[in-house]
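Undergrad: Sequence and predicted structure, then a few things I'm wondering about:
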Amino acid sequence: MKRMPHLGLCLGLGVLAALFRFVYVFFPQFNVMDVLVFLSAATLAASLRPRHPWSGAVVLAVPGMMLATMSVSLVGLEALRNGVGSGHVVSAMLIPLSVASGTELGRRWGLRRAKRSEPGVRGA
């Protein structure tokens, strides 16, 4: 798989995850959903290209980070001091952490799958 199609796939997964974030952002536990959605998207993207997953991870995290920081900037500092919108600040920290964790997990799964598919390797 070439580099540009992989980056396009990661960007598409990131945009899809950010759009999906619009659905669950109104529920009380949306930070848990941020972790689950972005972790699974990063795991999928990294398992497809396990040798060089980190460039795709950066591209995958950008749409979600843009949405979280836009929400924080629209709420404003005064409202954040009063506690309104503090979940978006937590999301801005959780999205890159979950993408990094998912990328490492997907990289390990992808390398294990590639090792099993080599000729002459038994197992599975």
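TA: Good, I have the coordinates. Numbers count the residues shown, from 1 in each chain.
Undergrad: If you average the pLDDT over stretch 22-29, what comes out?
TA: Regarding stretch 22-29, the rounded mean pLDDT is 79.
Undergrad: mind checking the end-to-end distance for that stretch?
TA: When the termini of stretch 22-29 are compared using C-alpha to C-alpha, to the nearest Å, they are 13 Å apart.
Undergrad: Give me the buried stretch members for that stretch, please.
TA: Using 16 or more other C-beta atoms under 10 Å as the test for burial, stretch 22-29 gives Tyr24, Val25. To be clear about C-beta, it is placed using only N, CA and C from the backbone, and glycine gets the same treatment.
Undergrad: what sits against Gly56?
TA: Gly56 makes contact with His6, Leu7, Leu9, Cys10, Ala45, Ala46, Arg49, Thr103 under the criterion C-beta atoms under 8 Å, 6 or more residues apart in numbering.
Undergrad: Format the residues you listed as JSON lines; extra columns: pLDDT.
TA: Shown next, in JSON lines, are the contacts of Gly56 (pLDDT from 0 to 100):
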{"residue": "His6", "pLDDT": "80"}
{"residue": "Leu7", "pLDDT": "85"}
{"residue": "Leu9", "pLDDT": "87"}
{"residue": "Cys10", "pLDDT": "88"}
{"residue": "Ala45", "pLDDT": "91"}
{"residue": "Ala46", "pLDDT": "91"}
{"residue": "Arg49", "pLDDT": "85"}
{"residue": "Thr103", "pLDDT": "94"}
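Undergrad: Neighbour count, distance to Pro119 and secondary structure added to those, as TSV?
TA: Listed next are these as TSV, based on neighbours: other C-beta atoms under 10 Å; distance: C-beta to C-beta, whole Å; DSSP: H, G, I helix; E, B strand; the rest coil:
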residue	neighbour count	distance to Pro119	secondary structure
His6	19	24	helix
Leu7	17	30	helix
Leu9	18	27	helix
Cys10	28	29	helix
Ala45	28	27	helix
Ala46	28	24	helix
Arg49	21	21	coil
Thr103	26	28	helix
